[in-house]
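show me the folded form of this:
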Amino acid sequence: MDTSCLLKWLQDYYQADVYTLTLDVGQRENKLEEVRKKALELGAAGAFVADIKEDFATEYVSEAIKANALYQGQYPLSTAIARPLKSQVAVEIAKEEGIDAIAHGSTGKGNDQVRFEVSIKALDGEIKVLAPVRDWNMTRDKEIAYAEEKGIPVPVDVDSPYSIDENLWGRSIECGVLEDPYAEPPDEVYELTNPISETPEEPDYVTIHFQAGLPYKLDDREMDLIELIEELNELAGKHGVGQIDMVEDRVVGLKSREIYECPAAITIIKAHQDLEKFCCTSHENNFKATIEEKWAQMAYQGLMFDPLMADLSAYLDQVNGKVQGKVKLKLFKGQAKVVGRTSKNGLYKHSLATYDAGSSFDQKASEGFIQIWGLPTEVARRSENGQYSAQDEEEEAGGEIEGQSLEAKGVGT
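Numbering: from 1, shown residues only. Below you'll find the predicted structure:
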């Protein structure tokens, strides 16, 4: 309803020729032609529709996988990473058609206004950006009245309390009873995932194969990324995997209670995290966590076209070059649990790790390592506790003088 009212409002308020843009980013119900027809019936000068699932998967979802992208440790950024791509397509069409302004339907409280506007301005600073919903500030009742006055068909679900967004990577739900952070989400808000009470009593096992950090095979079946995600959404969702209930920090400074369903995203990221740690050194893994947090934060905040994102992506590509192998997961009662992994690039070596007689690790070497490793801590604590005596200091000073004396005599130390 918001978009339909926005279309008429722009025509009335600006006396403008308005074109609509409807995009397929992998949402399950796609009625592109119906939407295009409705737009023209409401007076649109033209209606563009496009299937951009492939671009979404290869350019955005793939980067999110390599980044193990989870905003504030939980949200796989499903809605967030679709907005810059939509902005990119809108700018391309605007340039081709000589359109001088782009309008979006976001409110003044949400993140999407930031994502759209920052992205559009980064791609073309000359294009005006309009936010009618933010400007008109109509209540729900007033919006329905406006729709009836202008002959705009009101959707049958207009009384639904929830605001929902969906794409290939997940589904987000907010508003209604969910605005009470203490209220348990009712089962009716979930569509991609079963309530735990309705999940199977036996687990499913699935093996995800990775190459250069991206999944390309499910069990023994090779498939493209879109097919793989769609199948995992169904399989993991059946077991209730991927339900997320969080209070997050929005870009505009508000805290917001959000419900997400991301069964494939959670399953793939868990598998990728595990395999990446298996194939990379401890130094790489420790540093990668910093990159992941920054990538997720910038993606959430609408900064996908900032130069730093390209820098971060270069590192992600580099480190993921060695991430290949397969991960076995157990899907059961809301969890995607990694139960096995293997890779030719794995840094786990049985001959070093085993406690059996065949171990090649020299355990005697640990004694000297521990002494040197803990020396700064030991010295600091002894100093703090006053455990160094005056004699210790004199001996240290004497040793220093003696060393200088020998050196002066030409004796090597």
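
for the record, mean pLDDT for stretch 246-258?
In this model, stretch 246-258 carries a mean pLDDT of 96.

how about stretch 142-161?
Over the span of stretch 142-161, the pLDDT mean works out to 78.

can I get it as CSV, trimmed to CA atoms?
The C-alpha trace of stretch 142-161 is given here as CSV (Å, rounded to 0.1, in the frame of the first residue of the first chain):
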residue,chain,number,x,y,z
LYS,A,142,-5.0,8.4,6.8
GLU,A,143,-3.1,6.4,4.3
ILE,A,144,-6.1,4.0,3.8
ALA,A,145,-8.3,7.0,3.4
TYR,A,146,-6.0,8.5,0.8
ALA,A,147,-5.9,5.2,-1.1
GLU,A,148,-9.7,5.0,-1.2
GLU,A,149,-9.9,8.7,-2.3
LYS,A,150,-7.5,8.0,-5.2
GLY,A,151,-9.0,4.7,-6.2
ILE,A,152,-6.0,2.7,-5.2
PRO,A,153,-6.8,-0.9,-4.5
VAL,A,154,-6.1,-1.7,-0.8
PRO,A,155,-4.4,-5.0,-0.2
VAL,A,156,-6.5,-7.6,1.6
ASP,A,157,-3.7,-7.9,4.2
VAL,A,158,-3.6,-4.2,5.0
ASP,A,159,-4.6,-4.9,8.6
SER,A,160,-1.5,-7.2,9.1
PRO,A,161,0.5,-5.7,12.0
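
now Ala336: which helix or strand?
Taking DSSP states H and E as the criterion, Ala336 maps to strand 335-342.

each with direction, which strands does that strand pair with?
Strand 335-342 has the following strand partners under DSSP bridges: strand 325-332 (antiparallel).

give me the contacts around the partner strand.
If you take CB atoms under 8 Å, 6 or more residues apart in numbering as the criterion, strand 325-332 is touched by 199-200, 202-210, 217, 235-236, 238-239, 241, 267, 270-272, 274-275, 278-279, 336-346. Where C-beta positions appear, they are placed from N, C-alpha and C, glycine not excepted.

quick one: which of the residues you listed sit in strands?
Using DSSP state E, the members of these that fall in strands are 204-210, 217, 336-342.

which residue ranges form the strands in the chain?
19-24, 46-51, 101-103, 128-130, 163-167, 170-174, 204-211, 214-218, 221-222, 243-249, 255-261, 325-332, 335-342.

which of those is buried the deepest?
strand 170-174 (a mean of 22; mean count of other CB atoms under 10 Å).

pLDDT-wise, which helix or strand of the protein ranks last?
Within the chain, no helix or strand scores below helix 390-408, which has a mean of 54 by mean pLDDT, DSSP states H and E.

now the strand holding Ala336 and strand 204-211, what's the angle there?
Orientation of strand 335-342 against strand 204-211 (axes from the mean of the first three to the mean of the last three CA atoms, to 10 degrees) gives an angle of 50 degrees.

what's the offset of strand 335-342 from the middle of its chain?
Taking CA atoms, centre = their mean, to the nearest Å, one finds the center of strand 335-342 at 20 Å from the center of the full chain.
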